[in-house]
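Colleague: When you get a sec, could you give me coordinates for this:
(chains A and B)
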Amino acid sequence: MTPILIALTIGIPWLGAIIVWLMGDRREDLTHWVSILFSIGAAITSVLLLPNASQETALTIPIGGDFGDFTFVADGLGIFLSVIAAVIGSLAVIFSKSYMKGEGSLGRYYAFVLFFIGAMVGLVLSSNLLLIFLFWEITALCSYALISFHNDDPKAVKGGIKALIITSIGGVGLMVGALIVYAYTGSYDINNFLANYSTIPGNILALLAFGFLIAAAAKSAQFPFQTWLPDAMEAPSPISALIHAATMVNAGVYLLARFYPAFKDVPYWSEAVMIVGALSALLAAVMALVSNDLKRVLAYSTVSQLGYMVYAIGTGSVYASQFHLFSHSIFKALLFLSAGAVIHSIGTRNMLEMGGVGKKHPLVKWVFIIGALALAGLPILNGFWSKELILESGLKNGPLWLYIVMVFVAGLTALYTIRCVWLVFFGEPRSDYHAHAIGWEMIAALLPLAGAALVSWLAAGRFSVLLGEKSLPFHAIEPLPYKEMMHEILSLPTLVVMAVITAAILLWVFRKKLEGLINGLKSIRWAAENSFGFEAINNAIVKVTQSTAEALRVTQTGILNWNVFGILASVILLLAILVLGA
Amino acid sequence: MNLPIPLVVLITILCLAGIGLYCLLITRNLIKVVIALQLIVKGAVLAFILAGNMTGQLNLAQSMALTVIVADTIVAVVGLALAVQIRLKTGSLDIKSLSSLKR
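Modeller: Residues are numbered from 1 along each chain as shown, chains lettered A, B, ... in the order given. Okay, the predicted model is just below:
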């Protein structure tokens, strides 16, 4: 049963992608409905996989030769991520029906979305590193194609290319890692590697560990690769929700979680992971605080929350990290989709031109507030539980100063979240926008997510069993019953975090009286608006590459004789080296 | 003078390839480029046969040689057809007039 379900969960969206591609734009309504049908089909099969979780290899495709078999394992960790990909994917597709109404090239749009869903499911369910690499690059390709979906907009094209280049750096890291694993263990199989990692020499294992850290940082937009995610916000909003908040950017965290048992003893690795996570969380939170673009604020907060997950892995709590990933996928998809509804209705992304949107769209206001409160980590909502678990683990297993940084970031999170909500939904309209109606498809996608943001933490106990008992045998994750979770969370450190969050909210309420303090922080504001210099570094790299290419242009004459001369000269050179060497 | 046959073949191969490469190096006429390519490939086919003879896998070498001949014919046909089109478009067969992809 399991192998069929795995094949279906990957195959249904891919089949749908081909069909939608062939249908093109001939009948708009039909294209919408067919894509919705296929994405819901994938969501159903992925949910059906849930009770079948096991550590055994479920599906083997022999491809012969040195590559080993392409194996799929439907373990707890993989299934849970594939459910997120397929279910949130189907909600994003439903949302798109209203959001993309009247747009051109719908066939291309839906084909890439469905192609992405299948590839993401494949990425998390496969246990062959080579196959993981293939799926990893397919997701990067789909992300690029969808960021640049409006390919007549130079900003969108630029953002897409930037995302593609930076995530490719991560892809190279993953490929090198896969080749090293193959060279030292004789197969690409993850289980085999996790069982035998101790036979690999220490320095090679360290190389592997840091290579995967680079891969994960590039994919999950972590320090120092965080710059691509905000520019990826040129994509249509459902894409931002699906790929750049709920699924693809989690692939890096997934990779670290999957390989944590092998890397945890590599010297300085855990520290490096913690510092990467904490720095990303801090820098992105400050940038979110000064940005005026609604989607960019959400993108920065995604970087920041991914920083929490990476930090959690560094502290050794894979469970807390994956639980926060679960919560974050839900509330961030909710936030992006409701932001998309607002942007679709008003026609601008600039928060300074919004204000008072809550009166026009009360329902969107309330679901956005639910998502925002979960993001801020206020009690009862899912973000609260998972963030507290991470901070708990940070206090126990990490250095104190990093814990303090993370608590401070929790405060910043509350501050920029309340600023964002206030600027968009409350106050008086700051420009004479016209609010268009919101389609029922948008509401149909938003309500389940809002409900899930309220109650998904109730699944924590089952979730720990899924990850602990039915995941790869090398992860020691204790089941976590409610009572224990309550006990762990209702303690003094939580109160400290709550106090910090309350202080942040009060800071916003009394912002008029604190103008002196705000003016004092002007230099930080300036630095954050310039993304702490990372944008400048990126531009410098681009400039150097381009000028080198210009300089090397003279070597390309385009005349055959010169090319043949080059070939001959290098053959003679090679022969000479061989002769002299021998 | 009594040279062993493999040596004669080897010298022929080197001569064919050498003449072809020299021709590629100096000519600017598209037709002559195609002829030069033919010369090089004929040398390569001969090299296959020689290698097959020396390793004792003559049948493998022969099938490879046949494949190369077929592919090579296609290259010649397409190359000459392109040459005709280029002559019609630009009025000359000079390959210097073909570097228009470079700005």
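
Colleague: Residue A:19 and residue A:355, how far apart?
Modeller: 43 Å (C-beta to C-beta, to the nearest Å). Glycine gets a C-beta too; all of them are placed from N, C-alpha and C.

Colleague: now swap in residue A:99 and tell me
Modeller: Counting by C-beta to C-beta, the separation of residue A:99 from residue A:355 is 22 Å.

Colleague: Residue A:355: which element?
Modeller: Under the criterion DSSP states H and E, no helix or strand holds residue A:355.

Colleague: In contact with residue A:347, which residues are there?
Modeller: Residues in contact with residue A:347 (C-beta atoms under 8 Å, 6 or more residues apart in numbering or on different chains) are A:433-434, A:436.

Colleague: Give me the buried entries from those.
Modeller: Buried members of the contacts of residue A:347, scored by 16 or more other C-beta atoms under 10 Å in any protein chain shown, are residue A:433.

Colleague: Let's have the contacts of residue A:347 in CSV, adding pLDDT and secondary structure.
Modeller: Below are the contacts of residue A:347 laid out as CSV (pLDDT from 0 to 100; DSSP: H, G, I helix; E, B strand; the rest coil):
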residue, pLDDT, secondary structure
A:433, 75, coil
A:434, 77, coil
A:436, 78, coil
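
Colleague: Can you verify my assumption that residue A:378 contacts residue A:388?
Modeller: No. Residue A:378 lies out of contact with residue A:388 (C-beta atoms under 8 Å); the separation is 11.0 Å.

Colleague: Chain B against chain A: which residues are in contact?
Modeller: Residues of chain B found near chain A (C-beta under 8 Å from any C-beta of the partner chain) are B:21, B:24-28, B:33, B:95-96, B:98-99, B:101-102.

Colleague: So between residue A:99 and residue A:355, which is more surrounded?
Modeller: Counted by other C-beta atoms under 10 Å in any protein chain shown, residue A:99 and residue A:355 do not tie: residue A:99 has more neighbours, with 23 against 19.

Colleague: which ones are touching that one?
Modeller: Contacts of residue A:99 by C-beta under 8 Å, 6+ apart are A:236-238, A:340-341, A:344, A:439, A:442.

Colleague: Switch those over to TSV; also include secondary structure and distance to residue A:328.
Modeller: Output for the contacts of residue A:99, formatted as TSV (DSSP: H, G, I helix; E, B strand; the rest coil; distance: C-beta to C-beta, whole Å):
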residue	secondary structure	distance to residue A:328
A:236	coil	21
A:237	helix	17
A:238	helix	17
A:340	helix	17
A:341	helix	20
A:344	helix	23
A:439	coil	26
A:442	helix	21
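
Colleague: are any of those buried, and which?
Modeller: Buried, going by 16+ other C-beta under 10 Å: A:236-238, A:340-341, A:344, A:439, A:442, out of the contacts of residue A:99.

Colleague: Considering those, which is situated nearest to chain B?
Modeller: Nearest to chain B out of the buried ones among the contacts of residue A:99 is residue A:236 (C-beta to the nearest C-beta; 35.2 Å).

Colleague: what's the helix or strand where residue A:578 lies packed up against?
Modeller: Assigned by DSSP H and E, residue A:578 belongs to helix A:560-581. With contacts taken as 3 or more C-beta pairs under 8 Å, 6 or more residues apart in numbering or on different chains; DSSP states H and E, helix A:560-581 sits against helix B:5-26.

Colleague: can you do 10 Å?
Modeller: The contact analysis (3 or more C-beta pairs under 10 Å, 6 or more residues apart in numbering or on different chains; DSSP states H and E) places helix A:560-581 against helix B:5-26, helix B:30-55.

Colleague: Please find the angle between the direction vectors of that helix and helix B:5-26.
Modeller: With axes from the mean of the first three to the mean of the last three C-alpha atoms, to 10 degrees applied, the angle from helix A:560-581 to helix B:5-26 works out at 140 degrees.
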